[in-house]
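# Need coordinates for the below:
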Amino acid sequence: MSELMKKDDCKATFTIQIQFQQHSTWQGTISWVEGGKSQKFRSELEMLKLMMEAVSEEKNNEMQETLGTWK
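The predicted structure follows:
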């Protein structure tokens with residue numbers, strides 16, 4: 001287990017707080033520890049998008065404005 005928790009192996013650490021489950025999806029808040037940012041999300045898809053954006057090396061210039069972003 002300690003091998004999985006090495007800081008060098010982690011690209012990003014997130015704290016996720018699920019506040020509601022509505023329409024078969026989660027709503028809540030995700031905090032990106034290394035980025036020092038927090039963002040509300042309205043679905044698991046939006047939460048995963050935020051996580052992928054945080055660990056991505058290249059920024060996607062064609063982000064959809066309807067989904068949350070770390071900006």
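
# which stretches of this structure form helices?
Using DSSP state H, the helices found in the chain span residues 44-55.

# Do a quick rundown of the strands in it.
Secondary structure of the chain (DSSP state E): strands at 14-22, 25-32, 37-41.

# Let me have these in JSON lines, extended by mean pLDDT and mean neighbour count.
In short, each C-beta sits where N, CA and C put it, glycine included. Below are those laid out as JSON lines (pLDDT from 0 to 100; neighbours: other C-beta atoms under 10 Å):
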{"stretch": "strand 14-22", "mean pLDDT": "94", "mean neighbour count": "11"}
{"stretch": "strand 25-32", "mean pLDDT": "95", "mean neighbour count": "17"}
{"stretch": "strand 37-41", "mean pLDDT": "95", "mean neighbour count": "16"}
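
# Using a markdown table, please lay out the ones you listed together with distance to Val55.
Shown next, in a markdown table, are the strands of the chain (distance: least, C-beta to C-beta, whole Å):
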| stretch | distance to Val55 |
| --- | --- |
| strand 14-22 | 10 |
| strand 25-32 | 10 |
| strand 37-41 | 13 |
